[in-house]
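In: predicted model, plus sequence, below.
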Amino acid sequence: MPAERPSWAPQHIDLDKPNAARVYDYFLGGACNFEIDRQFAENFLTVMPEIELVARRNRAFLRRAVRFCVDQGIRQFLDIGSGIPTVGNVHQIAQQMAPECRVLYVDNEPVAVAHSELMLEHNPNAAVLQADLRDPATVLGSESARQLLDFDAPMALLMVAVLHFVPESAHPRSAIEQYLKALAPGSLFVVSHVSIDDWDGEQSRPGVPSYNQTTTPVYARTRQQVLELMAGTELVAPGLVWAQDWRADPSDDVDDKPKHSFILAGVGRKS
């Protein structure tokens, strides 16, 4: 029997297959997910119980990176693959520090876009665009980008926990080059990415293959491959590191096994 469609769910989305954005929302304690996503998430926890910690550490990296950008004078953000809104979104973090900050969210997941539209309805300095990371022309040429972003001034380009959903066959490096070309010098490129580096020989760890059951399979990359995606920027200290180790706050959940973040994170600056 097909799953019952909630009144807020767009008609064209598939309720019978889990989606990574909605699963991630569930791991973070959100409510924008369906029964099929919750079932997948609970099954995933049996093979990779640390996945909730991974999600929290990635979210903590996002918070620290946005604060770093604002501290560096950035007042505009292009967040591609922004996902389903939950506590601690980019506009909330940035505008708390500097109310004039402007944020354009971009995602191709209809549920993420629908909920973002509701959240941003009364925020004139933030908007959401439904588009694909692999289509820079549509994103950069959109009316939303024209209204919110000034490409003659530095901005932060965020691709947090999204590039590992883009296979090499989709040429992610080519798309990134187009985005970076459009940015002014001094702009910052914020990236986090699932990595298969330093897993003690566990490259076949069950967690990543499990995501092939979703509408958004994961393509883990080595540290060198992630560095290649960030080519054209100069990494700021501490470089490309495990997410928990990127400028951790004293209150952050860190331990002596940083690779259990399973996410590499870094910020690059365009010269």
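Out: All right, it came through fine. Numbers count the residues shown, from 1 in each chain.
In: what bits of the stretch 1-150 of the chain have low per-residue confidence?
Out: The model of the stretch 1-150 of the chain has pLDDT under 70 over residues 1-15, 87.
In: which residues of it fall in helices?
Out: Along the stretch 1-150 of the chain, counting by DSSP state H, counting those that start in this stretch, helices occupy 20-27, 35-47, 51-71, 90-97, 110-119, 136-140, 143-148.
In: residue ranges in the stretch 151-271 of the chain under the pLDDT threshold?
Out: Within the stretch 151-271 of the chain, the segments meeting pLDDT under 70 span 198-216, 254-261.
In: what helices and strands are in contact with the host helix or strand of residue 177?
Out: For residue 177, the host element (DSSP states H and E) is helix 172-182. If you count contacts as 3 or more Cβ pairs under 8 Å, 6 or more residues apart in numbering; DSSP states H and E, helix 172-182 packs onto helix 136-140, strand 156-160, helix 223-229. All C-beta atoms are positioned from the backbone trio N, CA, C, and that covers glycine.
In: related to what we said a few turns ago, and the helices of the stretch 1-150 of the chain as JSON lines, adding distance to residue 240?
Out: As requested, these are arranged in JSON lines below (distance: least, Cβ to Cβ, whole Å):
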{"stretch": "helix 20-27", "distance to residue 240": "21"}
{"stretch": "helix 35-47", "distance to residue 240": "26"}
{"stretch": "helix 51-71", "distance to residue 240": "12"}
{"stretch": "helix 90-97", "distance to residue 240": "21"}
{"stretch": "helix 110-119", "distance to residue 240": "26"}
{"stretch": "helix 136-140", "distance to residue 240": "23"}
{"stretch": "helix 143-148", "distance to residue 240": "27"}
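In: out of those helices, which is the most enclosed?
Out: Of all those, helix 20-27 has the most neighbours on average by mean count of other Cβ atoms under 10 Å, namely a mean of 24.
In: make CSV from the helices and strands packed on helix 172-182 and add distance to residue 146 to it.
Out: Listed next are those as CSV, based on distance: least, Cβ to Cβ, whole Å:
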stretch, distance to residue 146
helix 136-140, 9
strand 156-160, 17
helix 223-229, 27
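In: got the angle between the helix or strand that comes right after the helix holding residue 177 and helix 172-182?
Out: Under the assignment DSSP H and E, the closest C-terminal helix or strand after helix 172-182 is strand 188-194. For strand 188-194 against helix 172-182, the angle by axes from the mean of the first three to the mean of the last three Cα atoms, to 10 degrees is 160 degrees.
In: and the helix holding residue 177, what's buried?
Out: Residues 172-173, 175-176, 179-180, 182 are the ones in helix 172-182 that count as buried (16 or more other Cβ atoms under 10 Å).
In: contacting residues around the most centrally placed residue in the chain?
Out: By Cα atoms, centre = their mean, the chain has its centre lying nearest to residue 160, at 2.8 Å. Applying Cβ atoms under 8 Å, 6 or more residues apart in numbering to residue 160 gives the contacts 58, 61-62, 65, 79, 81, 190-192.
In: if you set the cut-off to 6 Å instead, what comes out?
Out: Listed by Cβ atoms under 6 Å, 6 or more residues apart in numbering, the contact set of residue 160 reads 62, 192.
In: how near is it to residue 39?
Out: Applying Cβ to Cβ, to the nearest Å, the value for residue 160 to residue 39 is 26 Å.
In: next: residue 195.
Out: The separation that residue 195 has from residue 39, given Cβ to Cβ, amounts to 27 Å.
In: kindly report the same for residue 188.
Out: 38 Å.
In: do residue 159 as well
Out: In this view, residue 159 and residue 39 are 29 Å apart by Cβ to Cβ.
In: residue 171 now?
Out: Taken as Cβ to Cβ, the span from residue 171 to residue 39 is 34 Å.
In: mind checking which of the helices of the stretch 1-150 of the chain is nearest residue 245?
Out: helix 51-71 (9.4 Å; Cβ to Cβ).
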